[in-house]
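Visitor: Curious how this folds, go ahead:
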Amino acid sequence: MLITGVRITQMKNQDTWVLQFAEMGGDAQIGVMLQQSGIPFRACNRLREALKSLRNTPPQLVIADYHYQHNFSMQRSNLDALFAIMERLSPRPALILLSLAEDRLHLQRALEGPLGSLHPDILEIPLSEAALSIVKQRLNTCRH
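Guide: Here you go, the predicted structure:
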């Protein structure tokens, strides 16, 4: 279940906001936490929408679900495109990747490539209390 983000009509005037990108539903706890934080955020489940948001006004934090693509005909995943844009942003937004335990090996391989330069926090789904506290800490950092 992807919780819809607060619609930000004038994102260009926003100093602080968070982008949540979840193609496959996302973690409901993150959506609730974002709503409770009071920080403007946009929840996207389509790549075009996420890329447009990134290009218009870069967020301070990106929370993205990492799911290994089992379709071998795809040479690049949607996350690859998202990360390529993030690498060019200055200042570069903080990144939190949410992944399932079974995708951990594939994620480690991805971190050996360009994704590694983004230095993401990697949290396992379902989120533990410790993982949620990391997200809260990052959100608090965004406020300042």
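
Visitor: Quick check: buried residues in stretch 134-144?
Guide: Within stretch 134-144, the residues that count as buried by 16 or more other C-beta atoms under 10 Å are Val135, Arg138, Leu139, Cys142. The C-beta positions use only the backbone N, C-alpha and C, and glycine is treated the same way.

Visitor: Can you say which helix or strand has the last one in it?
Guide: Per DSSP states H and E: Cys142 is located in helix 129-143.

Visitor: Mind putting the buried residues of stretch 134-144 into CSV with distance to Ala22 and pLDDT?
Guide: Below are these laid out as CSV (distance: C-beta to C-beta, whole Å; pLDDT from 0 to 100):
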residue, distance to Ala22, pLDDT
Val135, 14, 84
Arg138, 16, 84
Leu139, 17, 80
Cys142, 18, 72
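
Visitor: Identify, from these, the entry nearest to Pro59.
Guide: The closest of the buried residues of stretch 134-144 to Pro59 turns out to be Cys142 (C-beta to C-beta; 8.4 Å).

Visitor: Spatially, and excluding backbone neighbours, which residue is closest to that closest one.
Guide: Gln60 (4.3 Å; C-beta to C-beta, 6 or more residues apart in numbering).

Visitor: Show me what the strand or helix carrying Val32 packs onto, helices and strands only.
Guide: Per DSSP H and E, Val32 falls inside helix 28-37. Contacts defined by 3 or more C-beta pairs under 8 Å, 6 or more residues apart in numbering; DSSP states H and E place helix 28-37 against strand 18-21, strand 41-44, helix 129-143.

Visitor: what's the model's confidence in the second one, averaged?
Guide: In this case it means strand 41-44. What strand 41-44 shows for mean pLDDT is 87.

Visitor: And that strand, how far out from the chain middle?
Guide: Centroid separation for strand 41-44 versus its chain: 9 Å, with C-alpha atoms, centre = their mean, to the nearest Å.

Visitor: For the helix or strand following that strand, which helices and strands make contact with it?
Guide: Note on strand 41-44: by DSSP H and E, the next helix or strand toward the C-terminus is helix 47-56. Here helix 47-56 touches strand 18-21, strand 41-44, helix 78-88, going by 3+ C-beta pairs under 8 Å, 6+ apart.
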